[in-house]
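Colleague: fold the following and give me the result.
(one chain, ligands or ions: 1)
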Amino acid sequence: EKAPVTVAVTGGAGQICYSLLFRIASGALLGPDTPVRLRILEITPALGAAQGVAMELDDCAFPLLRGIDISDDAATAFDGANVALLVGSRPRTKGMERGDLLSANGAIFTGQGRALAEAAADDLRVLVVGNPANTNCLIAMNNAAGVPAERFSAMTRLDHNRAVAQLAQKAGAQVSDVSRLTIWGNHSATQYPDISHAVVDGRPAVDVVDRPWVESDFIPTVQKRGAAIIEARGSSSAASAANAAIDHVRTWLTGTPQDSWTSMAVVSDGSYGVPEGLVSSFPVTTRDGEWEIVQGLDVDEFSRARIDATVAELADERDAVQGMGLL
Ligand code: NAX
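Modeller: Next up, the predicted model:
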């Protein structure tokens, strides 16, 4: 039997984790042959609720689940973690300014970055889901001394999956027939879902769908999908976010398909004019737990303006948290 893999998850009592933890324990994250140990981090007042989730995990009698530990101390929760899913964060509440949001999360992600560096396993891989995801990731990455920056990523896979589904529906194709779609930039309403290199059923997507649809329907629908879910469901995306987190890590560990790529927010090396050091979503290929930014794609004027706008927002967020001494 394979050795168990330790997966640390934060925000264990929250709504995303109510779906995510069960998928992990069932084998969806690491495959049907890999036993898993869960280590859950929650804030002190939510420990009881996290305990309740652990009871339900027990009640599933998942054959691959080899233990659940719960803590309100980051270094304890991250002990030996091979994979860390940072889901918990401080959401924006009524009347909160952006600066308040960044500083509240700054306190969380500086501490969690340090705790990961101190306690996690050498092969650690980190996915930040909690918003503002790119900047929270930037903060954790910069505070995790000794952990290579390439081990950190933020989630734009939900945006990517949303874009794939929208394009497939419009084209009358299956989602599995869509490839080479890209989400650029920030996981926010400025993100740029880009179909200019996408392929639908062997044909260039730009030949399959019309430009007005892309500009006035597709792009805003993907950008505002989170708000549309809240409007319809009365609470924010949870199962689809958990599913995207599973997809993100599974793709990272097992690889992208030949001739295609995925979208991941990773540290920029300056590719496509994105300033070095920002955590931005890019077209990315993966293999055996390593990622690479797809090189050499043409960026037309339309795409350039949209990439620049979302990257400018990321640079603003970086400047704000840098000004707070969080990096
Ligand atoms: P919930 O509010 O249901 O759960 C969050 C949980 O995190 C709570 O139980 C809270 O106690 C816990 N928490 C807060 N601070 C913590 C800390 N310092 N350490 C450990 N746990 C802590 O939110 P949920 O719906 O689960 O969403 C979680 C995060 O994902 C939010 O920030 C949300 O904005 C973000 N999302 C990100 C998405 C993405 O694509 N990147 C999409 C879905 C989602 O909106």
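Colleague: may I have the phi/psi pair for T310?
Modeller: Note on T310: backbone dihedrals following degrees, to the nearest 10 are phi -70, psi -30.
Colleague: kindly provide the distance from the residue lying closest to it once chain neighbours are set aside to the ligand.
Modeller: In this structure, T310 finds its nearest non-sequential neighbour in G185, 2.8 Å apart by Cβ to Cβ, 6 or more residues apart in numbering. Heads up, the C-betas are built off the backbone N, CA and C, glycines and all. According to Cβ to the nearest ligand atom, to the nearest Å, G185 and the ligand sit 13 Å apart.
Colleague: what bridges to G185?
Modeller: In this entry, G185 is beta-bridged to S281, by DSSP bridges.
Colleague: which stretches of the stretch 1-150 of the chain form helices?
Modeller: 17-26, 47-59, 74-77, 98-119, 133-143 (DSSP state H, counting those that start in this stretch).
Colleague: R39: which of the ones you listed is closest?
Modeller: Across those, the minimum distance to R39, taken as Cβ to Cβ, is reached by helix 74-77, at 5.1 Å.
Colleague: helices and strands around that closest one, which ones?
Modeller: Applying 3 or more Cβ pairs under 8 Å, 6 or more residues apart in numbering; DSSP states H and E, we find helix 74-77 packed against strand 36-41, strand 65-71, helix 98-119.
Colleague: out of those, which one sits most buried?
Modeller: Comparing the helices and strands packed on helix 74-77 by mean neighbour count (mean count of other Cβ atoms under 10 Å), strand 36-41 ranks first with a mean of 24.
Colleague: touching the ligand at all, that strand?
Modeller: Yes: counting by Cβ under 6 Å from any ligand atom, the ligand is contacted by strand 36-41 at L41.
Colleague: show me what contacts A205?
Modeller: By Cβ atoms under 8 Å, 6 or more residues apart in numbering, the residues touching A205 are L167, A171, V178, L181, I195, S196, A198, V199.
Colleague: which among those gets closest to S216?
Modeller: Nearest member of the contacts of A205 to S216, counting by Cβ to Cβ, is I195, at 13.8 Å.
Colleague: look up the pLDDT of that closest one for me, please.
Modeller: At I195, the predicted lDDT confidence score is 98.
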